[in-house]
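> coords please:
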Amino acid sequence: MSLHIKAGTEQEPEPMADINTTPLIDVLLVLLVMLIITIPIQLHSVNIEMPGKSAPPPPTQPVIVQLDVTADGRWLWNGEAVADRADLEARLRDAAFQTEQPEIHLRPDKRAKYDAVAAALSSAQRIGLTKIGLVGEEQFQ
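Next up is the predicted model:
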């Protein structure tokens, strides 16, 4: 835009009629970034129906098998020593074929080697036991 003033006459400049769109674009970009950040959080939600206070207790208490791993790498089945891995797998197989599988609570000693714990876990998984849990983690803290 140019201002033409003739010599000898005083004229006021014409007002500028263009809109400055830079602030508008900045606000839109900020809103777009906020939208991009918040949408994935909403899409990764998992709907879980938790039981209420009036939920009935389970019909029967689960059978629990305490499987301990000693510091020297031996296994104890409910306090009874297991001869070897074949004996452990036989006991796990018996547990797997029960109509209601027992819960296997694996409690390793903090000085036990990892291979004894991993052997028990892999045998239980291979045989088909599904209710396995590690207990006694407070000793590792």
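
> report the next helix or strand after the longest helix seen in the chain in sequence order.
In the chain, taking DSSP state H as the definition, the longest helix is helix 22-43. Toward the C-terminus, helix 22-43 is succeeded by strand 64-69 as the next helix or strand (DSSP states H and E).

> contacting residues around that following strand?
Contacts with strand 64-69, where a contact means Cβ atoms under 8 Å, 6 or more residues apart in numbering, come from 75-79, 95, 102-109, 112, 116-117, 120. Bear in mind the C-beta positions are built from the backbone N, C-alpha and C, glycine included.

> repeat that for stretch 89-108.
Defining contact as Cβ under 8 Å, 6+ apart, one finds that stretch 89-108 is touched by 60, 62-69, 77, 82, 116-117, 120-121, 123-124, 127-136.

> what's the PyMOL line that selects buried ones from those?
What follows is the PyMOL syntax for the buried subset of the contacts of stretch 89-108, where burial is set by 16 or more other Cβ atoms under 10 Å:
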select buried, resi 65+67+68+69+77+82+116+117+120+121+123+124+127+129+131+132
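
> before we move on, which element is Leu106 in?
Judged by DSSP H and E, Leu106 forms part of strand 103-108.

> swap in Arg93?
For Arg93, the host element (DSSP H and E) is helix 85-96.

> could you do Leu121 as well?
Mapping Leu121 onto the secondary structure by DSSP H and E places it in helix 114-127.

> and that helix with strand 103-108, angle?
If you take axes from the mean of the first three to the mean of the last three Cα atoms, to 10 degrees, helix 114-127 sits at 160 degrees to strand 103-108.
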